[in-house]
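Engineer: What shape does this take:
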Amino acid sequence: MIDNNIAELIRYGEEKGLIEPDDRVWAANRLLTALGLDRWEAPRTAAARPLEDILRDILDWAVENGRCDSGIASRDILDTELMGRLTPRPSQVRRTFCDKYAQSPQTATDWYYTFSQDTDYIRRYRIARDMKWVTPTEYGDIDITVNLSKPEKDPRAIAAAKSAPQNAYPACQLCASNEGYGGRLDHPARQNHRLIPLELDGQPWYFQYSPYVYYNEHCIVLNARHIPMKIDRSTFRRQMDFLRRFPHYFIGSNADLPIVGGSILSHDHFQGGRYTFAMAKAPVETEVSFPGYGDVKAGLVKWPMSVIRVRASDPDRLVDLADRILLAWRAWSDPAADILAETGGEPHNTITPIARMREGDFELDLVLRNNRTTVEYPLGLFHPHPELHHIKKENIGLIEVMGLAVLPARLKDELAALADALVSGGDIRGSEALAKHADWAEALAEKYAFTAENAMSILQDQVGKVFAQVLEHAGVYKRTPSGREAFLRFVDSVR
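Structural biologist: Numbering: from 1, shown residues only. This is a model prediction of the structure:
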């Protein structure tokens, strides 16, 4: 059967354009080496099966014959090596991308996105298993996902990682040195990973897709150097440069401080893609103006977090104004609104910036962030509060700021069990897995009549409502009259 499986994999590579007919023998021998085989008898025909099935059968054979252990990490290392032996060299990929880009930026990204899936760098079959739904809220339709491929992270561990010594190779999972890397049990294999070089603000950067693809064409734009995240004037210039090259994509950056900075602070990078988030659809509800910038439209966005939207035809004007707002916010304190720029010399204010094209203009959303902690809220004052941790405890990074929840995998089983308990009257507080949800579930039970038919849909809808609360907690200015006054006090301070 292994001969047949190898033939199937070669046929797959040929059908997807990874190899050509003249490469068949060469490809077969490379696969044999990876599997510890020294001979192969090509079958007359090879079935056209899904890649997941082909790789599963090869890996099962490898485990049974001592070529691989049964752990997921070991299996991933081996199947990535197999796919890497069919993946074209970086130079070939870059030439093809440039040829496609000469036709149009969208033609280039369409090809590269499909290529990244065909090489199994983006594992379509795993992403298809994620739970996804949409919840209507007062802020628009918010996307909810339960991610089944990455573990939940502790915010304090993320903060510690920023200052941890960088001894490993590659230094992190974003580094350009991942391209072609063989992997190890604590670091994913990347033989099938290919990068596209870019120049942003006169510096070398790279363009790639995320292997997890939380939304359509989820890309990562990473600094060629392994340097920490930093939001400053050059951040905005780089965003404008990217939009000039890929006007059909948005590009955003996590903030550069722990708690409010997403999960990777050790490597400067952006995330982008071809997707319209709820925040981008949210309207400006209060128009504002900034002295000297009469040519720039500006306003406060109807969103649970505190967002200043600026828009202009000249991107350099947006860069100037965004830099002015950033510098003002870095230094801004308003104790009446719980905003302190620093405590004990530690800075707290920063910005999460998101840029896009809209009707021919450049548009920039500046989300005000503050990472201060208190005795009552040791994980962050503007962070999901403890009563919401049963659903979401992780940092609120760029993707979630824009209105797409990335919730931990544990919720898949917990929600299913909770639905059963609410229908059957089971003991929620007595369950180790469900006790964290007890207060929430009991409140829902008073409001809804749960049945086997409606329980999961009610829970999913309410999870979405909880995520809207999560974003409200992360907003530095609350959506109250006093919160709006405080927000405008800061706007008026920008000179």
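Engineer: mind listing what's buried in the longest helix belonging to the chain?
Structural biologist: For the chain, the longest helix by residue count, based on DSSP state H, is helix 455-474. Neighbour-count burial for helix 455-474 flags 455-456, 458-464, 466-474 (criterion: 16 or more other CB atoms under 10 Å). Every residue, glycine included, has its C-beta placed from N, CA and C.
Engineer: now swap in stretch 20-32 and tell me
Structural biologist: 23, 24, 27, 28, 30, 31, 32.
Engineer: and stretch 240-255, what's its mean pLDDT?
Structural biologist: Taken as a whole, stretch 240-255 has an average pLDDT of 98.
Engineer: Straight-line length of it, end to end?
Structural biologist: From the first residue to the last, stretch 240-255 extends over 17 Å; the measure is CA to CA, to the nearest Å.
Engineer: what sits against residue 239?
Structural biologist: When contacts are counted by CB atoms under 8 Å, 6 or more residues apart in numbering, residue 239 touches 251, 252, 253, 270, 353, 355, 364.
Engineer: Does the last one lie in a helix or a strand, and which?
Structural biologist: Same thing as residue 364. The secondary structure element spanning residue 364 is strand 361-370 (assigned by DSSP states H and E).
Engineer: Which neighbouring elements make contact with that strand?
Structural biologist: In terms of contact count using 3 or more CB pairs under 8 Å, 6 or more residues apart in numbering; DSSP states H and E, strand 361-370 is assigned the packing partners helix 233-245, strand 307-312, helix 315-330, strand 349-358.
Engineer: correct me, but residue 212 touches residue 127?
Structural biologist: Yes: counting by CB atoms under 8 Å, residue 212 sits close enough to residue 127 to count as a contact (7.2 Å).
Engineer: Settle it for me: which of these two has more neighbours?
Structural biologist: residue 127 (19 against 15; other CB atoms under 10 Å).
Engineer: ok, which stretches of the stretch 101-250 of the chain are strands?
Structural biologist: Assigned strands in the stretch 101-250 of the chain, in chain order: 131-137, 140-146, 196-200, 203-209, 219-223, 250-252 (criterion: DSSP state E, counting those that start in this stretch).
Engineer: okay if I get these as JSON lines plus mean neighbour count and distance to residue 238?
Structural biologist: JSON lines is the format used below for the strands of the stretch 101-250 of the chain (neighbours: other CB atoms under 10 Å; distance: least, CB to CB, whole Å):
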{"stretch": "strand 131-137", "mean neighbour count": "16", "distance to residue 238": "31"}
{"stretch": "strand 140-146", "mean neighbour count": "20", "distance to residue 238": "26"}
{"stretch": "strand 196-200", "mean neighbour count": "18", "distance to residue 238": "4"}
{"stretch": "strand 203-209", "mean neighbour count": "19", "distance to residue 238": "7"}
{"stretch": "strand 219-223", "mean neighbour count": "23", "distance to residue 238": "8"}
{"stretch": "strand 250-252", "mean neighbour count": "25", "distance to residue 238": "8"}
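Engineer: Quick one, which of those gets closest to residue 174.
Structural biologist: strand 219-223 (4.9 Å; CB to CB).
Engineer: contacting residues around the closest one?
Structural biologist: The list of residues contacting strand 219-223 from outside it, by CB under 8 Å, 6+ apart, reads 109, 174-176, 198, 200, 203, 205-210, 242, 249, 251, 267-273.
Engineer: Likewise for stretch 275-288?
Structural biologist: If you take CB under 8 Å, 6+ apart as the criterion, stretch 275-288 is touched by 139-143, 215-218, 250, 297-303, 307-309, 354, 356, 365, 401-404, 484, 488, 491.
Engineer: now do stretch 321-341
Structural biologist: Counting contacts by CB under 8 Å, 6+ apart, the residues outside stretch 321-341 that touch it are 231-233, 236, 290, 293, 296, 298, 308, 310, 347-351, 353, 364, 366, 368, 370, 372, 381, 476-477, 482-483, 486, 489-490, 493-495.
Engineer: Mind checking which of those residues are buried?
Structural biologist: Members of these that pass the buried threshold by neighbour count (16+ other CB under 10 Å) are listed as 231, 236, 290, 293, 296, 298, 308, 310, 347-351, 353, 364, 366, 368, 370, 372, 381, 476-477, 486, 490, 494.
Engineer: Number of residues surrounding the closest residue to residue 315 other than its chain neighbours?
Structural biologist: Nearest residue to residue 315, sequence neighbours excluded (CB to CB, 6 or more residues apart in numbering): residue 240, at 3.9 Å. When counting by other CB under 10 Å, one arrives at 20 neighbours for residue 240.
Engineer: got the contact list for residue 240?
Structural biologist: 315, 316, 318, 319, 355, 362.
Engineer: repeat that for 10 Å
Structural biologist: If you count contacts by CB atoms under 10 Å, 6 or more residues apart in numbering, residue 240 has them with 200, 201, 251, 314, 315, 316, 318, 319, 322, 355, 362, 364.
Engineer: quick one: the fifth one and residue 237, what's the gap?
Structural biologist: Which is residue 315. Using CB to CB, to the nearest Å, one gets 8 Å for the distance from residue 315 to residue 237.
Engineer: Also the third one?
Structural biologist: When distances are taken as CB to CB, residue 251 and residue 237 turn out to be 12 Å apart.
Engineer: Mutual contacts of these two, please.
Structural biologist: Both residue 251 and residue 237 are contacted by residue 200, under the criterion CB under 10 Å, 6+ apart.
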